[in-house]
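Asker: Sequence first, predicted coordinates after that:
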Number of protein chains: 2
Amino acid sequence: MMSIGPYSFEEYLSVVKSFHGYTAPGLAAGGVMVDLALNRMPGGVLFEAISETRNCLPDAVQLLTPCTIGNGRLKIINLGRFALSLYDKHSGEGVRVFVDAQKVRAWPEVEAWLFKLKEKREQDGQLLLEQIRQAGPELYRIDTVLVKPQLLGKRRSCIGCCNLCGEPYPIDDGAICRACAGKTPYLSR
Amino acid sequence: MMSIGPYSFEEYLSVVKSFHGYTAPGLAAGGVMVDLALNRMPGGVLFEAISETRNCLPDAVQLLTPCTIGNGRLKIINLGRFALSLYDKHSGEGVRVFVDAQKVRAWPEVEAWLFKLKEKREQDGQLLLEQIRQAGPELYRIDTVLVKPQLLGKRRSCIGCCNLCGEPYPIDDGAICRACAGKTPYLSR
């Protein structure tokens, strides 16, 4: 019986559905990967997480560890790789779990999903989840890593009010806030 | 009785504690803000979310809406402002909820927290939560917004294996993956 953190595989999928909206294959694979990483972390270590992709994997981290995007213990560094690491918040020492591109070839539905060989509507979602479950840890590899010191710890900036929009912002950003400096995602009207 | 999405204020704080790790003031304020935004969205609209900060607010969005960082419906565009928007995924029309820097002045513990006038250990956490609860919606303002068209929809890249690390990556990134191109967060050893 495969377990994912404190859950059976089936229980985990139902937690995934309620948080993520549907039982995405990326969360099934991600669950196995987070579980592998957790099992390699020494007990009692205050750890943080990096997800190397924005897709799916961050939600597996959020569901299975104390690290969330809003509490700052999960960072997304979008490298386009389906990989994550857990590391000691202070020393940066940790483990990285990533996809073994060769081993994936033995599981055709997983391969087709991961390498986007099929349109989403052509995927056999049930078979895909079943292959991810059956393959278990064998699709992944684990390395030890050391996170760069400049990524550890937090900056803390003083807060002022932007001279243009009037909203509170970190004054380290300059005379006006980043939105007023041209980074706004909204059209002006 | 203030409610936050489907929860009473107290129920919401306990959901916050279990996901975020502790009852952070940013999630209390964020909960009120997400609730305000949700109430302004027309029913039946498939919406997405932008958080303009990495701190706390993304977790309020994830707890109270179907938008998560891993399912792609929540984007963090870090402008350093404590603000969020919910918008129609297709048209980009939506609402933005942000802090009213003037009104916050009437609530000293909220002001001290938001403008970082006190060290964390000097904050009165209970009083702060109580002021956020009592002030309710009055600390915030709401605008309609239109999200830039280039931020709507998804790019989809073909996947190949990186010639250096061998891992799957989006080939739109170039001949090698972004990590091998120098963006790795890990020290080599």
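Answerer: Sure, I can see it.
Asker: Show me where chain A has its helices.
Answerer: Under the criterion DSSP state H, helices of chain A are mapped to A:9-20, A:25-40, A:57-64, A:108-114, A:125-135.
Asker: Please identify the most buried of those helices.
Answerer: Using mean count of other Cβ atoms under 10 Å in any protein chain shown, the stretch among those with the largest mean neighbour count is helix A:57-64, at a mean of 27. Backbone N, C-alpha and C define where each C-beta goes, glycine included.
Asker: Do that one and chain B come into contact?
Answerer: Yes. Contact between helix A:57-64 and chain B, assessed by Cβ under 8 Å from any Cβ of the partner chain, occurs at A:Leu57, A:Pro58, A:Asp59, A:Ala60, A:Gln62.
Asker: Name all residues that make contact with the residue nearest to the fourth one when sequence neighbours are not counted.
Answerer: Okay, so that is A:Ala60. For A:Ala60, the nearest residue in space outside its immediate sequence neighbours is A:Gly30; the separation is 3.1 Å by Cβ to Cβ, 6 or more residues apart in numbering or on different chains. Contact criterion Cβ atoms under 8 Å, 6 or more residues apart in numbering or on different chains gives A:Cys56, A:Leu57, A:Asp59, A:Ala60, A:Val61, A:Leu84, B:Gly70 as the residues in contact with A:Gly30.
Asker: Hmm, the last one is touching A:Asn55, no?
Answerer: Yes. Judged on Cβ atoms under 8 Å, B:Gly70 makes contact with A:Asn55 at a distance of 6.9 Å.
Asker: between the two, what contacts are shared?
Answerer: Taking Cβ under 8 Å, 6+ apart as the contact definition, B:Gly70 and A:Asn55 share the neighbouring residues A:Gly26.
Asker: ok, the two, which is more surrounded?
Answerer: Taking B:Gly70 and A:Asn55 together and counting by other Cβ atoms under 10 Å in any protein chain shown, B:Gly70 has the greater number of neighbours (29 against 20).
Asker: pLDDT wise, what is the residue nearest to that one when sequence neighbours are not counted at?
Answerer: Computed as Cβ to Cβ, 6+ apart, the closest residue to B:Gly70 that is not its neighbour in sequence is A:Asp59, at 2.9 Å. The score at A:Asp59 is 98. That number is its pLDDT.
Asker: Quick check, A:Asp59 in contact with A:Leu27.
Answerer: Yes. The pair A:Asp59 and A:Leu27 passes the contact test of Cβ under 8 Å, sitting 5.8 Å apart.
Asker: Quickly list what's touching both of those two.
Answerer: With Cβ under 8 Å, 6+ apart applied, the overlap between the contact sets of A:Asp59 and A:Leu27 consists of A:Val16, A:His20, B:Gly70.
Asker: got the contact list for the last one?
Answerer: Yep, that's B:Gly70 we're talking about. Applying Cβ under 8 Å, 6+ apart, the residues near B:Gly70 are A:20, A:24, A:26-27, A:30, A:54-60, A:62.
Asker: ok, those residues vs chain B, which is closest?
Answerer: Proximity to chain B was ranked across these by Cβ to the nearest Cβ; first place goes to A:Asp59, at 2.9 Å.
Asker: Which residues are in contact with the closest one?
Answerer: A:Val16, A:Phe19, A:His20, A:Leu27, A:Gly30, B:Thr68, B:Ile69, B:Gly70, B:Asn71.
Asker: Excluding chain neighbours, give the residue nearest to the fourth one in space.
Answerer: Closest residue to A:Leu27 in three dimensions, ignoring its sequence neighbours and counting by Cβ to Cβ, 6+ apart: A:Val16, at 4.6 Å.
Asker: Can I get the helices of chain A in a markdown table including distance to B:Gln123?
Answerer: A markdown table is the format used below for those (distance: least, Cβ to Cβ, whole Å):
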| stretch | distance to B:Gln123 |
| --- | --- |
| helix A:9-20 | 30 |
| helix A:25-40 | 32 |
| helix A:57-64 | 26 |
| helix A:108-114 | 46 |
| helix A:125-135 | 44 |
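Asker: what's the closest of the ones you listed to B:Glu130?
Answerer: Closest approach to B:Glu130 among those is made by helix A:57-64 (28.2 Å; Cβ to Cβ).
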